[in-house]
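A.B. asks: Next come a sequence and a model predicted from it.
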Amino acid sequence: IEIKDTYQRKYIHKSLFSHVIGEVDLDNIGISGLEITLDKSFKNDNKQILVSSLDLRIQNIVRDEILSAMQIFEAIGGSGIVMDINNGEILAMVSLPDYDPNRSISTSSFSKKNKFNRNTKGLYEFGSVMKTFTTAIGLEENKFKINSKYKIEKKIRVGDDIVTDSHSPCKINYCSVEKIFSNSSNIGTIKMVRDIGIKTQKKYLNKLGLFDRVNLDIPELSSPAIPDPWLPVSTDSISYGYGISISPLHLSLATAAVLNGGYIIEPSLIKKDKQIDFKEKIFSEDTSEKMRYLFSKVVTEGTARSAFGYNESLIYKHSYRYNYEYGYLVGGKTGTARSNSAGVYDKNLGKLATFISAFPINKPKYLVLISLDSPQPINDREHDYDTFGWTDAGWNSARVTREVIDRISPILDTKSKYRLNDKDIIINTSFN
């Protein structure tokens, strides 16, 4: 009888980093996540030291808030990313449901659903968050200005379909680009992209990396699903968030390029030695500044105003009531998309509700993405999280984002809000 020592990997944080770190097999060989990447890396150089960019505290906060939101809104899944907007370091990446890799090898209790990384492997139509790129492209190409106005009818035809707005983007028939963006008008955005054109739209979306697989330190990655052939109806649909499927990481990187001065960044789960790591420049600083302004308007006046306490008409028992004391240095964009099954958008399948944001929005340092899969409405005036029957992102994912930013901004030593009587921090800016 021969007795041999054996070694078994122990994951002390259990499910917290399961999708990112991955797991090993019975022979301690990496089979997913960073375990595969580091296996290959250390075989070539077993003396090197690698430091992860992930922050235990921030990862825990994001997971905690998404789990709580999934319970409150009865969502079937959720994902979250916190990323340095200037160098691509990922501080948190959460995909739920998740699994405990300590139990994964010895038991089959975890389904493929638990092991699926929504942030890098999942492909989704994200809805109105894609209006970010339509607006930025048009401003960059001087197809319109922030105060340019478009006539907003009650409906518009896109191919064989009729597209409407869920609410009026402005009080009059003619809406400015600012109102179209902050109040998320589908009709206005379609008219904007028709001024931009197919060729220009495709050129910028390609430059933003929305046609290719993301280069990251883990193998669980997907290539976007793009239309082929690319028809006029494709351009119309993509302008407001349908017709192209990308991952949350794709969305995060492209949005970062819009807000950080116009630069492409490369994502990393390994800490970089540069605080700024800009690659190709896509947008001018002028366009980026205007987009930061528009993102701030979404929070203070648009579809996310209730989540951040800017809606005087709402009286909540919870902290989402009108905020008389603080203003937020946060800008963002809501997006709510119907789910597609076999080419049909079925109301019974639920929605994907996403809020992507940056703070401090005047000079962004960090990007936060929160997405909830199939959140349910709450129609109860006595409920702390009453959504008045809505399932749109401004009523759920944006609220989660606020909770996340409130908790992580002190850790990051980054200001995310200010007292409303602090005159020194208010900057009056006008664009034409």
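C.D. replies: In hand now; what should we look at?
A.B. asks: Give the buried residues for whichever strand or helix holds Thr287.
C.D. replies: For Thr287, the element it lies in under DSSP states H and E is helix 285-300. Residues of helix 285-300 classed as buried by neighbour count (16 or more other CB atoms under 10 Å): 287-300. Every C-beta, even on glycine, is put in place using the N, C-alpha and C of the backbone.
A.B. asks: what do you get for stretch 376-393?
C.D. replies: Using 16+ other CB under 10 Å as the test for burial, stretch 376-393 gives 376-378, 385-387, 390-393.
A.B. asks: would you turn the residues you listed into CSV with pLDDT?
C.D. replies: Putting those into CSV (pLDDT from 0 to 100) gives the following:
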residue, pLDDT
Gln376, 95
Pro377, 93
Ile378, 90
Tyr385, 83
Asp386, 84
Thr387, 88
Trp390, 90
Thr391, 93
Asp392, 95
Ala393, 95
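A.B. asks: circling back: could I get the buried residues of helix 285-300 as JSON lines with pLDDT and distance to Ser371?
C.D. replies: Converted to JSON lines, the buried residues of helix 285-300 look like this (pLDDT from 0 to 100; distance: CB to CB, whole Å):
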{"residue": "Thr287", "pLDDT": "97", "distance to Ser371": "26"}
{"residue": "Ser288", "pLDDT": "97", "distance to Ser371": "24"}
{"residue": "Glu289", "pLDDT": "96", "distance to Ser371": "27"}
{"residue": "Lys290", "pLDDT": "97", "distance to Ser371": "26"}
{"residue": "Met291", "pLDDT": "97", "distance to Ser371": "20"}
{"residue": "Arg292", "pLDDT": "97", "distance to Ser371": "22"}
{"residue": "Tyr293", "pLDDT": "96", "distance to Ser371": "24"}
{"residue": "Leu294", "pLDDT": "97", "distance to Ser371": "21"}
{"residue": "Phe295", "pLDDT": "97", "distance to Ser371": "17"}
{"residue": "Ser296", "pLDDT": "95", "distance to Ser371": "21"}
{"residue": "Lys297", "pLDDT": "95", "distance to Ser371": "22"}
{"residue": "Val298", "pLDDT": "96", "distance to Ser371": "16"}
{"residue": "Val299", "pLDDT": "94", "distance to Ser371": "18"}
{"residue": "Thr300", "pLDDT": "92", "distance to Ser371": "22"}
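A.B. asks: how deep is Ile61 tucked in, by neighbour count?
C.D. replies: 22 (other CB atoms under 10 Å).
A.B. asks: show me where pLDDT drops low in the stretch 1-150 of the chain?
C.D. replies: 41-47, 104-110 (pLDDT under 70).
A.B. asks: Which parts of it are strands?
C.D. replies: For the stretch 1-150 of the chain, the strands defined by DSSP state E, counting those that start in this stretch occupy 77-84, 90-96, 149-151.
A.B. asks: could you say what helices and strands the very next helix or strand once past the helix holding Thr287 packs with?
C.D. replies: As assigned by DSSP H and E, the chain's next helix or strand after helix 285-300 is strand 326-328. Applying 3 or more CB pairs under 8 Å, 6 or more residues apart in numbering; DSSP states H and E, one finds that strand 326-328 contacts helix 285-300, strand 417-419.
A.B. asks: Contacts for strand 326-328 next, please.
C.D. replies: With CB atoms under 8 Å, 6 or more residues apart in numbering as the test, strand 326-328 has contacts from 299-300, 308-309, 359, 402, 405, 416-420.
A.B. asks: Tell me where the stretch 301-432 of the chain has strands.
C.D. replies: 326-328, 331-338, 340-341, 344-345, 351-359, 366-373, 417-419.
A.B. asks: pLDDT averaged over the third one - what is it?
C.D. replies: Translated: strand 340-341. Taken as a whole, strand 340-341 has a mean pLDDT of 72.
A.B. asks: Can you tell me how far the closest residue to Leu352 other than its chain neighbours is from Ser245?
C.D. replies: Setting aside the residues directly before and after it, Leu352 is nearest to Ala337 in space (CB to CB, 6 or more residues apart in numbering), at 4.9 Å. Going from Ala337 to Ser245 by CB to CB, to the nearest Å gives 10 Å.
A.B. asks: got it, and Thr255?
C.D. replies: Counting by CB to CB, the gap from Thr255 to Ser245 is 16 Å.
A.B. asks: Tell me which of those two has more neighbours.
C.D. replies: Using other CB under 10 Å as the criterion, Thr255 and Ser245 rank with Thr255 on top: 27 against 19.
A.B. asks: residues in contact with the more buried one?
C.D. replies: The neighbours of Thr255, taking CB under 8 Å, 6+ apart as the test, are 129, 132, 333, 356, 358, 367, 369.
A.B. asks: In JSON lines, list those residues along with neighbour count.
C.D. replies: As requested, the contacts of Thr255 are exported to JSON lines (neighbours: other CB atoms under 10 Å):
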{"residue": "Val129", "neighbour count": "25"}
{"residue": "Thr132", "neighbour count": "25"}
{"residue": "Lys333", "neighbour count": "32"}
{"residue": "Ile356", "neighbour count": "30"}
{"residue": "Ala358", "neighbour count": "29"}
{"residue": "Leu367", "neighbour count": "27"}
{"residue": "Leu369", "neighbour count": "27"}
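A.B. asks: so which of these would you say is closest to Tyr240?
C.D. replies: Nearest to Tyr240 among the contacts of Thr255: Val129, at 9.8 Å, using CB to CB.
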